[in-house]
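S.K.: Got a predicted model here, sequence first, then my questions.
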Amino acid sequence: MIGPELARELKVAQLPWRPMRGDLAMDRLNIVYVVLKDGTDEEGAVEYDTGRGVERRPFLGLTWVPRLDQLLAFLARHGRFELAARPAGEGRKDHVWEVSLATAGTDTQRAFRASDPADAAGQALHFLLADTGWSPGPALRSSGT
């Protein structure tokens, strides 16, 4: 799962989100909730599970915390990319995750590294949105449509 700061940066960079059942969303206090219904109600609120019950909150008051598969789906809209685990360093047993993608109009590859694959994918997506001005198109559709 990506961190709250990166989730907020993706929201500011205008990553499109249409709430879907099972999505994770957080409030301004970084409390993460599970979305219970697709879309918003007639008042523009999202229904979510607090762990103690069901509540509603205005769509604009929530920040989407996309999963790895959702981040990769947006990256795939941009074009080819590679997600790989790489050794963290010589003599080390741990690894880092790396997303490599080509920047538009050039032959250069750009790499984004993190200890979590979702963070690496989120950093790459943020770069595309905020630094290159790339537009990913509409929000993801639910798997049933």
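M.R.: Cool, got the structure. Bear in mind that the values here come from a model prediction, so they are computed numbers and not experimental data.

S.K.: the domain parsing of the chain - what is it?
M.R.: For the chain, the structural domains run 18-65, 68-131, going by automatic domain parsing.

S.K.: which helices and strands sit right next to the helix or strand hosting W97?
M.R.: Using DSSP states H and E, W97 maps to strand 95-102. In this structure, strand 95-102 makes packing contacts with helix 68-78, strand 81-87, strand 109-114, helix 117-126, judged by 3 or more Cβ pairs under 8 Å, 6 or more residues apart in numbering; DSSP states H and E. All C-beta atoms are positioned from the backbone trio N, CA, C, and that covers glycine.

S.K.: could you check the angle strand 81-87 makes with the first one?
M.R.: Angle between the axes of helix 68-78 and strand 81-87 is 130 degrees (criterion: axes from the mean of the first three to the mean of the last three Cα atoms, to 10 degrees).

S.K.: How about the third one?
M.R.: Angle of strand 109-114 versus strand 81-87, following the same axes, to 10 degrees, is 50 degrees.

S.K.: So what are the sheet partners of strand 109-114 and their directions?
M.R.: Paired neighbours of strand 109-114 in the sheet (DSSP bridges): strand 95-102 (antiparallel).

S.K.: okay, the strand it pairs with in CSV with CA atoms only?
M.R.: Extracted in CSV, the C-alpha atoms of strand 95-102 (Å, rounded to 0.1, in the frame of the first residue of the first chain):
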residue,chain,number,x,y,z
HIS,A,95,15.8,-6.0,-2.4
VAL,A,96,14.2,-2.8,-3.8
TRP,A,97,11.4,-2.6,-6.3
GLU,A,98,12.0,-0.6,-9.4
VAL,A,99,9.6,0.8,-12.1
SER,A,100,11.3,1.8,-15.3
LEU,A,101,9.5,3.7,-18.0
ALA,A,102,10.4,5.7,-21.1
